[in-house]
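Peer 1: sequence unknown, structure follows:
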């Protein structure tokens, strides 16, 4: 599975959310219920939020760090993303690599390293049913 990318993407592996997000995956879905199908979507492996500017992305990073996730670590003397990452649609990684994320060559999607890209999930895969978001 893979997630569709737009503008500036904030991505977290679902396994990390289950392990570190205060309240786990269920709390994450509840906290973001009104955003799913808007700026938030996910597949079986990755959760994606996003923004159109870096100030909003900085706020997302701060909020998720407050929930128990770590943004960075040093790997082989280089700063890398750890529990979350930020990817720009047009520019890819910019300056900070993310070892657990594999980007498509066209930078329009990404998937968890070690898994097959498979089906693409994006905004269009989530529909509103009676005010509640549901994945088809």
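Peer 2: Good, I have the coordinates. Just so it is clear, the model here is predicted, and its values are computed rather than measured.

Peer 1: State the mean pLDDT of the lengthiest helix in the chain.
Peer 2: Across the chain, the longest stretch assigned as helix under DSSP state H is helix 54-66. Averaged over helix 54-66, pLDDT sits at 94.

Peer 1: mind checking how far it is from the chain centre?
Peer 2: Centre-to-centre, helix 54-66 and its host chain are 12 Å apart (Cα atoms, centre = their mean, to the nearest Å).

Peer 1: now the helices for this structure?
Peer 2: 14-20, 24-31, 54-66.

Peer 1: which of those helices is buried the deepest?
Peer 2: helix 14-20 (a mean of 17; mean count of other Cβ atoms under 10 Å). C-beta: built from backbone N, CA, C; applies to glycine.

Peer 1: Can you tell me which helices and strands that one packs against?
Peer 2: helix 24-31, strand 46-51 (3 or more Cβ pairs under 8 Å, 6 or more residues apart in numbering; DSSP states H and E).

Peer 1: any idea how far residue 37 lies from residue 110?
Peer 2: Using Cβ to Cβ, to the nearest Å, residue 37 is found at 19 Å from residue 110.
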